[in-house]
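1. Quick one: sequence plus predicted model below, questions after.
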Amino acid sequence: MIEDFHFLRPLWLLTLIPAVLIWWLVRRHTDPAQPWRGIIAPHLLPHLLSGKEHRAKFTPLDLIAIGWLIGAFVIAGPSWRREPTPFANDTAALAIVVQVSPSMETEDVLPSRLARATEKIQDLLRLRPGAKTSLIAYAGSAHVVMPLTTDSGIINTFAGALHPKIMPKEGDAAAEALQLAERTLADAATGSILWLADTIAPDQAKPLAQWREQSDYEVRILPPLLPGTELETLKTSAQPVRATFTPLAADDADVQSLARLAKFSDVGSHESSNRWRDGGYYLVPLLALLMLPFFRRGWMVPTAAR
């Protein structure tokens, strides 16, 4: 935008000063009439000079000056919009939060809710090769099982080992788990949170609402539940988070949708993580066109003769 226009390397614009000075001195030196100015009347001078009646209005020297001007603008780096850092991953990071409670061992979803959640994680990671992913498990307390990593194999290994028996205490620390997920995404340019749970304790409503007020990260919930009362209760309990629900599917339709949404997620991105795009490259073709006349035979002869 116009209000965002600036130069990334403004000091290079100082090169315009010697450019103008050199252009003026050379043009003055190559002017055949210059030695006679002040001696011969201006209206008589053109008729007393040999050769053409008037010098060319546009010379190779002028073209070089214009090229210098454009080159200075190119190097100064005009910019008006941002772009992702080139070292950032093309795919946004994802923090996976898994509830590991006794209720997740229910076998209404075969082989169990927790096992189905693990299978969905594996399917999702298969669709996100090389993407950064973290894993958080929680029950009565929340724990970072694996910080952001591009190794999907190790995420699958730890996810497959999750069981209520290994959790330090029972309960529901959903808000704490989302806070940990946000921390793991802090170093990523973009990211979102995938939450796999079947219940949310009533006492989590207030801390979840407080977390939502302070966080911009998008939360998507994949509940390992069949349509029914439990699913509707979960949706009601998750309202403070303003999460997006993806229904559990027998095939991989749910995972395909999640992979597509998570890949292009820019929620949670920080302006400081983006850099200003260098717009000087757009002027390079014009600079190249200005140099074409110099390939013409005899183009520089008049200037050299003078």
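-> It's in.
2. Looking at the record's assignment, how would you partition the protein?
-> 2-81+277-305, 93-272 (automatic domain parsing).
3. tell me, which of those is the model least confident about?
-> Per-segment mean pLDDT for these reaches its minimum on domain 2-81+277-305, at a mean of 77.
4. so what's P10 closest to, chain neighbours aside?
-> Counting by Cβ to Cβ, 6 or more residues apart in numbering, A76 is the residue found nearest to P10 once chain neighbours are left out, at 5.9 Å. C-betas here are computed from N, CA, C, even on glycine.
5. separation between that neighbour and W12?
-> From A76 across to W12, the span is 4 Å (Cβ to Cβ, to the nearest Å).
6. same question, A250
-> 61 Å.
7. and what of S237?
-> Counting by Cβ to Cβ, the gap from S237 to W12 is 58 Å.
8. List the buried residues for the longest helix anywhere in the chain?
-> If you go by DSSP state H, the chain has its longest helix at helix 60-76. Of all the residues in helix 60-76, those buried under the rule 16 or more other Cβ atoms under 10 Å are 60-61, 63-76.
9. And for stretch 201-214?
-> For stretch 201-214, a neighbour-count test (16+ other Cβ under 10 Å) marks Q204, A205, P207, L208, W211, R212 as buried.
10. Reformat those as CSV; add secondary structure and distance to A117.
-> Compiled in CSV, the buried residues of stretch 201-214 are given as follows (DSSP: H, G, I helix; E, B strand; the rest coil; distance: Cβ to Cβ, whole Å):
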residue, secondary structure, distance to A117
Q204, helix, 19
A205, helix, 23
P207, helix, 23
L208, helix, 20
W211, helix, 22
R212, helix, 23
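11. will you turn these into TSV that also has distance to R116?
-> Converted to TSV, the buried residues of stretch 201-214 look like this (distance: Cβ to Cβ, whole Å):
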residue	distance to R116
Q204	23
A205	26
P207	27
L208	24
W211	26
R212	27
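12. now, which of those sits nearest T149?
-> Nearest to T149 out of the buried residues of stretch 201-214 is W211 (Cβ to Cβ; 24.0 Å).
13. picking up where we left off before, quick check: which of the domains of the chain has the most neighbours on average?
-> domain 93-272 (a mean of 18; mean count of other Cβ atoms under 10 Å).
14. Now do that one: distance to the chain's middle.
-> 24 Å (Cα atoms, centre = their mean, to the nearest Å).
15. ok, now stretch 279-297?
-> Here stretch 279-297 is found 31 Å from its chain centre; the criterion is Cα atoms, centre = their mean.
16. now do the same end-to-end measure for it.
-> 33 Å (Cα to Cα, to the nearest Å).
17. Kindly report the same for stretch 133-147.
-> Termini of stretch 133-147 sit 7 Å apart (Cα to Cα).
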